[in-house]
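[1] generate a structure from the sequence data that follows.
(one chain, ligands or ions: 1)
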Amino acid sequence: MPATLPAPRPGLLDGATVFLDIDGTLLELADDPEAVRADGPTRALLRDLAERLDGRLAMVSGRSLEQIDRILGPIAQALPVTGSHGLEYRWNEVWARPERLAVLNDVASAFHGLAQTWPGCLVEEKSYGVAFHWRLAPQARQQAETMAVQLADSHALKIQHGKDLVELRMPGGDKGQAVRRLMARKGMIGTRPVFFGDDLTDEAGFAAARALGGHGVLVGERALNGSSTAATLALPSPHAVRAFLRAFADGTAQVPE
Ligand SMILES: O=P(O)(O)OC[C@H]1O[C@H](O[C@H]2O[C@H](CO)[C@@H](O)[C@H](O)[C@H]2O)[C@H](O)[C@@H](O)[C@@H]1O
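    Got it, this is the predicted structure:
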């Protein structure tokens, strides 16, 4: 992680609204995206944290809402949740779910075809996007990225770069919008947003949090391909994030080693 970014101070979350990314931030990265699940202590952490924050805890992920529900379990129903990099969200009775573009099926077919030529590669079909994963076969990266550019052009889709993946998704929405939308809600308006994230998709969330007087907390050792980050603070791993959040939830906040 960037050596220049300091760790968050213990009191950072006092009175704040907390935005949490999932993969690589709350939870460790894994080889199989479909197998990812929050364990019992992590689910309990989200419950305790939401209580300590008087409900000012939101999940903001590149996953679909269905995936988030599977990963987090019942606690997801109690939190404001934004999925698909900002394209869909749910908070109590308020939902936003655009119509799914049929061209995503063509993208999935093309990606599945490519995956057959690269053992170890995975295709993840989501509500508003399709991701091609090469974590277990990094040699496939160049071909996957070339195919993604062609498909994005021909189908007017957005390319979303991520860790060991390229994703094609419907345009519109980002994590910054998710922050601004929630920070305009009663109970959150006027508080300080703190956004925890690890990937390129989180940069919009970091920037929005900063613009509203808060902070981005960059997690892990993300390579930003030479670009800079809008985060102002950093933690080394999802384990450190959970420890930091647990200390706050318990009222014993300390910066983890
Ligand atoms: O915004 P996020 O919640 O961080 O979602 C970003 C992408 O996360 C997932 O991919 C990442 O995690 C996988 C499981 O640990 C890992 O195998 C992959 O290499 C990572 O890039 C998810 O599968 C994607 O759909 C999300 O867009």
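
[2] residue numbers of the chain in contact with the ligand?
    Residues of the chain found near the ligand (CB under 6 Å from any ligand atom) are 21-24, 29-31, 33, 36, 61-63, 124, 126, 131, 133, 135, 162-165, 167, 199, 201. (Glycine included, C-beta is placed from N, CA and C.)

[3] how about a cut-off of 5 Å?
    Within the chain, the positions lying close to the ligand (CB under 5 Å from any ligand atom) are 21-23, 29-30, 33, 36, 61-62, 131, 135, 162-165.

[4] which of those residues tops the neighbour count?
    Neighbour counts for these (other CB atoms under 10 Å) peak at residue 62, which has 29 neighbours.

[5] look at the closest residue to that residue other than its chain neighbours and tell me its secondary structure.
    Nearest non-adjacent residue to residue 62, counting by CB to CB, 6 or more residues apart in numbering: residue 85, 4.8 Å away. Following DSSP: H, G, I helix; E, B strand; the rest coil, residue 85 is assigned to helix.

[6] list the residues that contact residue 85.
    By CB atoms under 8 Å, 6 or more residues apart in numbering, residue 85 lies in contact with 61, 62, 129, 160, 169, 173, 174, 175, 201.

[7] show me where this protein has strands.
    16-20, 57-60, 81-83, 88-91, 94-96, 122-125, 129-133, 158-162, 165-169, 192-197, 215-219, 233-235 (DSSP state E).

[8] how far does the first one sit from its chain's centre?
    The one in question is strand 16-20. Relative to the centre of its chain, strand 16-20 is centred 13 Å away, using CA atoms, centre = their mean, to the nearest Å.

[9] need the contact partners of that strand.
    In contact with strand 16-20 (CB under 8 Å, 6+ apart) are residues 26, 49, 53, 56-60, 175, 178-179, 182-183, 188, 191-197, 205, 209, 214, 245.

[10] out of the contacts of residue 85, which is most surrounded?
    Within the contacts of residue 85, neighbour counts (other CB under 10 Å) peak at residue 62, which reaches 29 neighbours.

[11] I'd say that residue and residue 23 touch.
    Yes - between residue 62 and residue 23 there is a contact under CB atoms under 8 Å: 7.3 Å.

[12] not counting sequence-adjacent ones, nearest residue to residue 59?
    The shortest distance from residue 59 to any non-neighbouring residue, by CB to CB, 6+ apart, is to residue 81 (4.8 Å).

[13] rewinding a little: between the strands of the chain, which gets nearest to residue 112?
    Counting by CB to CB, residue 112 lies closest to strand 122-125 out of these; the figure is 5.2 Å.

[14] send me the closest one as CSV with only the CA atoms.
    Taking C-alpha atoms only, strand 122-125 is exported to CSV below (Å, rounded to 0.1, in the frame of the first residue of the first chain):
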residue,chain,number,x,y,z
LEU,A,122,-13.8,-18.0,-14.6
VAL,A,123,-16.8,-16.1,-16.0
GLU,A,124,-19.0,-14.4,-13.4
GLU,A,125,-22.4,-13.5,-14.6
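
[15] where does the closest residue to the ligand within the chain land on pLDDT?
    Of all residues in the chain, the one sitting closest to the ligand is residue 62 (2.9 Å; CB to the nearest ligand atom). For residue 62, the pLDDT comes out at 98.

[16] can you check residue 20 too?
    pLDDT for residue 20: 98.

[17] what average pLDDT does stretch 29-44 get?
    For stretch 29-44, mean pLDDT rounds to 97.

[18] same check, this time on stretch 75-89
    pLDDT averaged over stretch 75-89 gives 97.

[19] any buried residues in that stretch, and which?
    For stretch 75-89, the neighbour count (16 or more other CB atoms under 10 Å) marks 75-76, 79-89 as buried.

[20] what's the end-to-end length of that stretch?
    Length of stretch 75-89, first residue to last, CA to CA, to the nearest Å: 15 Å.
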